[in-house]
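Peer 1: Just need the structure, nothing else, for what follows:
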Amino acid sequence: MPQMQVTKAFLATCYLLSAGPILLTEAAFGNSVQSQRHQKMLIGSSTVSFKESGLDQDISGLPIRRKSSSFPNLTFFPKSKKRDITRIGNLIVPSIGVGTISWSSESLTTLENLELQSLVNKAYLSDAALFDTAERYGSHLKTALGLGWGETETLLRKFLGRVPTNHNTSSDNDRLKPIVATKFTPSPWRTTVESVVEACEQSRERLGVEQIDLYQLHMPDVVKPFRFLGFGRPLDEVYWEGLAECYKRGLVKNVGVSNYGPTLVRRCQKALAKHDVPLASNQIAYSLIGRQNGAQETLDTCSKLGVKVLAYYPFAMGLLTGKYSSDSIQSSSVNVITSLTSTKKTSLEISDLKNYAQDLQPLLKAMETIAKRRKKSIAQISLNYIICKGAIPIPGSGSVAQLEDNIGAMGWRLTAAEIRLLENEADRSGLMFEGAGYKRTSEKFVGYGVEKWSLD
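Peer 2: Numbering: from 1, shown residues only. Got it, this is the predicted structure:
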C-alpha cells in the first residue's frame, strides 16, 4: 500500500478511537451494513435503532455531522454533545419535559423558590428545558380556593430570567433554547374568540415573551355549571377559532390541545387547517398502565396525523417509580416518598393507590430486572417506555434531584423485546390507571361538582 494511504488509514483509525460514536452508513459498506430498518445509532454505551425507538433520523439528538476527507462515507459525532431531542410543530425540544403543576412559592407574600430556581438552571444546562405550565397553575392554597391564576407562569418567567448564561461561549450558544408550553382554561365566562386571544395576551405578558412557544387548550369544554338550565352547548369550535386567531396574530408559535380523543383531534385539526394553522400537539394521560380508555388509540391516531403527544401522569402518580407497594402505601398515609419527590397524599388517594398496588408487583419486578441490567432506575424505565412509544413524557418536577433522575431516561432506548415484556406484564396485571382520589385522568373537580370527558 502506498505510504500516503497507510498514513491516512492510521490517522483515521486514531480519530475513530478518540472522537466517540460513529454512524456507519449503508453507503460506506453497502448491504453488508444493516439496512435502514435496522440502522443503529450509538449513544454513549447504548445502541439505538431508529425504527425501534421512534427517533427521527434528522433530529436524532446528535450534533451536526462532520465528514472525513479520507473517509467521506463515514459520519463522525464528537463526544461533547449527545442530545436526545424531538419535535413539537416547528420546535426542537428535549424528549422529556418538566411538569410545573406542583410548583409553588416558598413565601406567602412573594413569588420565590430557591430549589425551583436551581431546577430551572439545571434543566437549561442539561438541554432539558421544556417546561409545561398553565394559566390555572398557582400556589397550592390559592389554587384550592380558585385563586392564584398565572402564578406559575410568573414564577417561570422569573426563574428563566435568572438562568446563568454566557453568550460569548460556543457551549452556551449550542444549548437548546428553553421552551415554554402553557394552557388556556375553558371556562363558562369565556365564550368568544376574543376571550381566547385576551387570555393568550395575559399569559404572554406573565411569561415575558413575544411569542408563546406552544399554546394549548387545557381540556374539552366540559365545565358547564348551568347545563341543567339548558346552557350546556360546548364551545370547542369557538376555542379552536381562538387558537387560530392567536397564531395568525403572531402571539404563539404553535397551538395544541389537551385531553382530546381521536374524534376531537381530527375535528380540531380540520378546523385549524381552514386557517392554515397546524395542530402541533395533544396532551393526554399516558403510561405503561395507562394505555386503556382510548389513550393508546389516541396516541396512534395522533402519530398518523403528525400531532405530537405529550404524556402527563407518566408515573401513574408514583406507582411506576418502584417505591410503592401495598405495604409501603398502607404504612405511609401522610408523606409518601417516591424516587422523584416527597408528596403528600390524601387518605382517599392512598386508598386508591393501595388498590392498584395489590396487582402491580409482577410488573415492577420485570421493570426492576431491566433497570438493573441497564443500570437505570425503575422511574427511568417508565419514562423511556413513553419515549419509545413516540410521546414526550411530562413528569412533575419539583427538585434538582427529581430532574436529574428524569434526565437519566434520555440518551438510550429500550429494545423492542423489553417493550413487549413490559406491555405483556402490564396487560396481565389487568390494571387500568385512571387516577387516585380527586386527581383523575378523565375528570376534574370544578367546585360545583365533577365534570368528565372521554378519549373517543
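Peer 1: Tell me who's in contact with Pro362.
Peer 2: Taking Cβ atoms under 8 Å, 6 or more residues apart in numbering, we find Pro362 in contact with Glu425, Arg428, Ser429. To be clear about C-beta, it is placed using only N, CA and C from the backbone, and glycine gets the same treatment.
Peer 1: Mind pulling up the pLDDT for it?
Peer 2: For Pro362, the model assigns a pLDDT of 95.
Peer 1: Quick check: phi and psi on it?
Peer 2: phi -60, psi -40 (degrees, to the nearest 10).
Peer 1: Now do the strands in the stretch 151-300 of the chain.
Peer 2: Here the stretch 151-300 of the chain has its strands, by DSSP state E, counting those that start in this stretch, at 179-184, 214-217, 255-258, 279-285.
Peer 1: of all these, which lies closest to Val400?
Peer 2: Val400 lies closest to strand 179-184 among the strands of the stretch 151-300 of the chain, at 19.3 Å (Cβ to Cβ).
Peer 1: and the angle from that closest one to strand 279-285?
Peer 2: Orientation note: strand 179-184 sits at an angle of 70 degrees relative to strand 279-285 (axes from the mean of the first three to the mean of the last three Cα atoms, to 10 degrees).
Peer 1: Which strands border strand 179-184, and is each parallel or antiparallel?
Peer 2: With DSSP bridges as the test, strand 179-184 is paired with strand 130-132 (parallel), strand 214-217 (parallel).
Peer 1: before we move on, the earlier item: can you lay out the contacts of Pro362 as TSV showing pLDDT?
Peer 2: Output for the contacts of Pro362, formatted as TSV (pLDDT from 0 to 100):
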residue	pLDDT
Glu425	97
Arg428	97
Ser429	95
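Peer 1: Show me how to select, in PyMOL, the buried members of the residues you listed.
Peer 2: Per 16 or more other Cβ atoms under 10 Å, the buried members of these correspond to this PyMOL selection:
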select buried, resi 425+429
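Peer 1: which ones among the contacts of Pro362 are found in helices?
Peer 2: Glu425, Arg428, Ser429 (DSSP state H).
Peer 1: ranges for the helices of the stretch 201-350 of the chain?
Peer 2: Along the stretch 201-350 of the chain, counting by DSSP state H, counting those that start in this stretch, helices occupy 236-248, 262-273, 295-305, 326-330, 347-357.
Peer 1: returning to what we had before: any idea which of the contacts of Pro362 is the one closest to Ser105?
Peer 2: Taking Cβ to Cβ as the measure, Ser429 is the one of the contacts of Pro362 closest to Ser105, at 39.3 Å.
Peer 1: got the contact list for Gly153?
Peer 2: No Gly there; residue 153 is Glu. If you count contacts by Cβ under 8 Å, 6+ apart, Glu153 has them with Thr133, Ala134, Glu135, Tyr137, Thr182, Ser203, Arg206, Leu207.
Peer 1: Would you convert those residues into JSON lines that also reports distance to Arg249, neighbour count and pLDDT?
Peer 2: Shown next, in JSON lines, are the contacts of Glu153 (distance: Cβ to Cβ, whole Å; neighbours: other Cβ atoms under 10 Å; pLDDT from 0 to 100):
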{"residue": "Thr133", "distance to Arg249": "21", "neighbour count": "25", "pLDDT": "97"}
{"residue": "Ala134", "distance to Arg249": "21", "neighbour count": "21", "pLDDT": "96"}
{"residue": "Glu135", "distance to Arg249": "18", "neighbour count": "21", "pLDDT": "95"}
{"residue": "Tyr137", "distance to Arg249": "24", "neighbour count": "25", "pLDDT": "89"}
{"residue": "Thr182", "distance to Arg249": "16", "neighbour count": "30", "pLDDT": "98"}
{"residue": "Ser203", "distance to Arg249": "14", "neighbour count": "25", "pLDDT": "98"}
{"residue": "Arg206", "distance to Arg249": "18", "neighbour count": "20", "pLDDT": "97"}
{"residue": "Leu207", "distance to Arg249": "16", "neighbour count": "22", "pLDDT": "97"}
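Peer 1: and which of those residues is nearest to Leu229?
Peer 2: Using Cβ to Cβ, Glu135 comes nearest to Leu229 of these, at 27.3 Å.
Peer 1: Is the closest one within a helix or a strand, and which one?
Peer 2: Assigned by DSSP states H and E, Glu135 falls within no helix or strand.
Peer 1: surely it meets Trp149?
Peer 2: Yes. Using Cβ atoms under 8 Å, Glu135 is in contact with Trp149, at 5.7 Å.
Peer 1: Just the pLDDT for Gln34.
Peer 2: Confidence score, pLDDT, at Gln34: 33.
Peer 1: what do you get for Phe159?
Peer 2: Looking at Phe159, its pLDDT stands at 95.
Peer 1: And for Val252?
Peer 2: Value for Val252, per-residue pLDDT: 98.
Peer 1: need the contact list for the residue lying closest to it once chain neighbours are set aside.
Peer 2: Leaving aside its chain neighbours, Val252 sits nearest to Tyr215 (4.1 Å; criterion: Cβ to Cβ, 6 or more residues apart in numbering). Neighbour list for Tyr215: 181-184, 200, 203, 243, 246, 251-252, 254-256 [criterion: Cβ under 8 Å, 6+ apart].
Peer 1: Any idea what Tyr215 is bridged to?
Peer 2: Here Tyr215 sits in beta bridges with Thr182, Val255, going by DSSP bridges.
Peer 1: how much space between it and Gly256?
Peer 2: According to Cβ to Cβ, to the nearest Å, Tyr215 and Gly256 sit 7 Å apart.
Peer 1: tell me, what's touching these two both at once?
Peer 2: Common contact partners of Tyr215 and Gly256 (Cβ under 8 Å, 6+ apart): Ala181.
Peer 1: Any idea what Ile88 is bridged to?
Peer 2: Leu91.
Peer 1: which residues sit in contact with it?
Peer 2: Ile88 makes contact with Ile179, Ala181, Leu214, Asn254, Gly256, Ala280, Ser281, Lys308, Leu310, Ile392, according to Cβ under 8 Å, 6+ apart.
Peer 1: how many other residues sit next to Pro393?
Peer 2: Using other Cβ atoms under 10 Å, Pro393 is surrounded by 26 other residues.
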